[in-house]
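Engineer: Structure for the following, please:
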Amino acid sequence: MIARISSAALSASVVLAAALPVERPYRRATYVMGTVATLTVYAGGEAQADEYSRIAFGELRRIDSLLTNYRDSELTRLNARAAAGPVPVSPELYDVVNESIALSRRYGGAFDITVGPALRAWGFFGEHPRVSTADLRARIGCEKIELDPALRTVRFVAPGMEIDLGGAAKGYAVERAARLLERAGVVRALVSLGESSLYAVGAPPGESGWPVAVRDVRDPARVAEVVLLPPGYALSTSGTYVRRFRSGGREYSHLFDPKTARPIAVRGSATVICRSGLESEAAAKAVLLLGPAYSPPDTILYSLRMTIQDGGLVSIECRGGACESRIDKHQARHNSGAH
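Structural biologist: Predicted coordinates for the structure are as follows:
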């Protein structure tokens, strides 16, 4: 009797396993937050993959409508009123601003969400960037934001200030989308915004993480490195090669040094991996701006800073706070020929 029951149970399990759909990877894409968002997700079929993409992209659009600085949003309404007095905001916006200020302190001010006036003065909110000579430093600095946690209000100390969440919003958004996918039962997915802000859910079968290509700063069409993004981690890349313009024989980037209110001069990029999507954005900007002398905190799992020096590529790779410089062969040939 026991043998017959065991055989029946085995037969039922085989039938059940055969009935379950085999998950395979599906890729979906849409345009949101000013860039192309992609979702790679393992699903049991096209319909399920479509449902997962609806969840992920819907969350990205919701966050964009909350945090964008390019059209009417809760953030733009805050920017319009906060210099006149404390402005009550939603719990979500308050938390993002509060965490961003904490990250600015952690990274020595290299990451700062108040650089909006500089971006506006230099024309990066429009289609025609330009050189600005305005002294904007009085309007920039997270220390000039006053928060009231009891009333959940935000106030700007100086007139003319504004918050621009930019990449921070992207890092926050990919993590939020990934969390919703997990709640929906997804076990393997990669959410990406413009290849510069990513968050991993699980990993492909048999792998320890998702392979992510890091662009070469000399030629963004080429791949300089491939790094593995572990499950439950975010990856962010900040690069000065993305949006640049020339004026008076000089090149300017869209990334700003909050301390000078001017574009970062170095031509390079920084890629970091952190647990938090918001922190990965802050860390990438700090690693790029502060350079090889910077000692990353333990919250950074991995970082790679690449800069062009004398026509060659210099890479600084950091793991667990220890940094190692690498000079490519092109750079070595250049140096040997110069001496």
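
Engineer: What's the local residue count around Ala265?
Structural biologist: The burial count assigned to Ala265 is 12, neighbours taken as other C-beta atoms under 10 Å. Every residue, glycine included, has its C-beta placed from N, CA and C.

Engineer: Quick check: which element contains it?
Structural biologist: Of the helices and strands defined by DSSP states H and E, none includes Ala265.

Engineer: Can you give me every residue that contacts it?
Structural biologist: Applying C-beta atoms under 8 Å, 6 or more residues apart in numbering, we find Ala265 in contact with no residue.

Engineer: The one 10 residues further on too?
Structural biologist: Applying C-beta under 8 Å, 6+ apart to Arg275 gives the contacts 232-234, 299, 301.

Engineer: try it again with 10 Å
Structural biologist: Going by C-beta atoms under 10 Å, 6 or more residues apart in numbering, Arg275 touches 175, 230, 232-234, 299-301.

Engineer: do Glu279 as well
Structural biologist: By C-beta under 10 Å, 6+ apart, the contact list for Glu279 reads 99-100, 102-103, 106-107, 111, 168, 171-172, 175, 234, 236, 272, 297, 299-300.

Engineer: got the CA coordinates for the helix or strand harbouring it in CSV?
Structural biologist: If you go by DSSP H and E, Glu279 is part of helix 277-290. Presented in CSV, the C-alpha positions along helix 277-290 are these (Å, rounded to 0.1, in the frame of the first residue of the first chain):
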residue,chain,number,x,y,z
GLY,A,277,20.5,52.5,-5.7
LEU,A,278,20.5,56.0,-4.3
GLU,A,279,23.9,55.5,-2.7
SER,A,280,25.4,54.0,-5.8
GLU,A,281,24.6,57.3,-7.6
ALA,A,282,26.2,59.4,-4.9
ALA,A,283,29.2,57.1,-4.7
ALA,A,284,29.9,57.2,-8.4
LYS,A,285,30.0,61.0,-8.5
ALA,A,286,32.3,61.1,-5.4
VAL,A,287,34.7,58.5,-6.8
LEU,A,288,34.9,60.4,-10.1
LEU,A,289,35.3,63.8,-8.6
LEU,A,290,37.6,63.1,-5.6
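
Engineer: Glu175 in helix, strand or coil?
Structural biologist: Glu175 falls in the helix class when you classify it by DSSP: H, G, I helix; E, B strand; the rest coil.

Engineer: Without its sequence neighbours, what residue ends up closest to it?
Structural biologist: Using C-beta to C-beta, 6 or more residues apart in numbering and skipping the chain neighbours, the partner closest in space to Glu175 is Gly277 (3.4 Å).

Engineer: gap between the one you found and Phe111?
Structural biologist: Separation of Gly277 from Phe111 (C-beta to C-beta, to the nearest Å): 13 Å.

Engineer: swap in Ile300?
Structural biologist: Ile300 is 13 Å from Phe111, where distance means C-beta to C-beta.

Engineer: Between the two, tell me which one has more neighbours.
Structural biologist: Higher neighbour count among Ile300 and Phe111: Phe111, with 26 against 21, using other C-beta under 10 Å.

Engineer: Am I right that Asp164 is in a strand?
Structural biologist: No - assignment of Asp164 by three-state DSSP gives coil, placing it outside any strand.

Engineer: which regions of the stretch 1-150 of the chain sit below the pLDDT cut-off?
Structural biologist: Scanning the stretch 1-150 of the chain for pLDDT under 70 picks out 1-21, 126-127, 133.

Engineer: At which residues are the strands of it located?
Structural biologist: Here the stretch 1-150 of the chain has its strands, by DSSP state E, counting those that start in this stretch, at 24-32, 35-43, 87-88, 145-148.

Engineer: Redo those strands as TSV? Include mean neighbour count.
Structural biologist: Compiled in TSV, the strands of the stretch 1-150 of the chain are given as follows (neighbours: other C-beta atoms under 10 Å):
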stretch	mean neighbour count
strand 24-32	14
strand 35-43	20
strand 87-88	15
strand 145-148	15
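
Engineer: what ranges do the strands span in the stretch 201-339 of the chain?
Structural biologist: 210-215, 223-229, 234-239, 244-247, 250-253, 256-257, 262-263, 268-274, 300-309, 312-319, 322-327.

Engineer: Surely Gly34 and Leu67 touch.
Structural biologist: No - taking C-beta atoms under 10 Å as the definition, Gly34 is not a contact partner of Leu67, at 11.7 Å.

Engineer: circling back: please, a ChimeraX command that selects the buried ones among the contacts of Arg275?
Structural biologist: Only the buried entries of the contacts of Arg275 go into this ChimeraX selection, using 16 or more other C-beta atoms under 10 Å:
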select :175,230,233,234,300,301
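
Engineer: right, and the pair among the contacts of Arg275 with maximum separation?
Structural biologist: The span of the contacts of Arg275, defined through C-beta to C-beta, is set by Glu175 and Ile300 at 15.9 Å.

Engineer: follow-up on the earlier one: so for Gly34 and Leu67, which sits in the more crowded spot?
Structural biologist: Neighbour tally, Gly34 and Leu67, criterion other C-beta under 10 Å: the higher count belongs to Leu67, 25 against 13.

Engineer: contacting residues for the more buried one?
Structural biologist: Contacts of Leu67 were listed using C-beta under 10 Å, 6+ apart, and they are 33, 73-76, 92-93, 96-97, 163-166, 168-170, 172-173.
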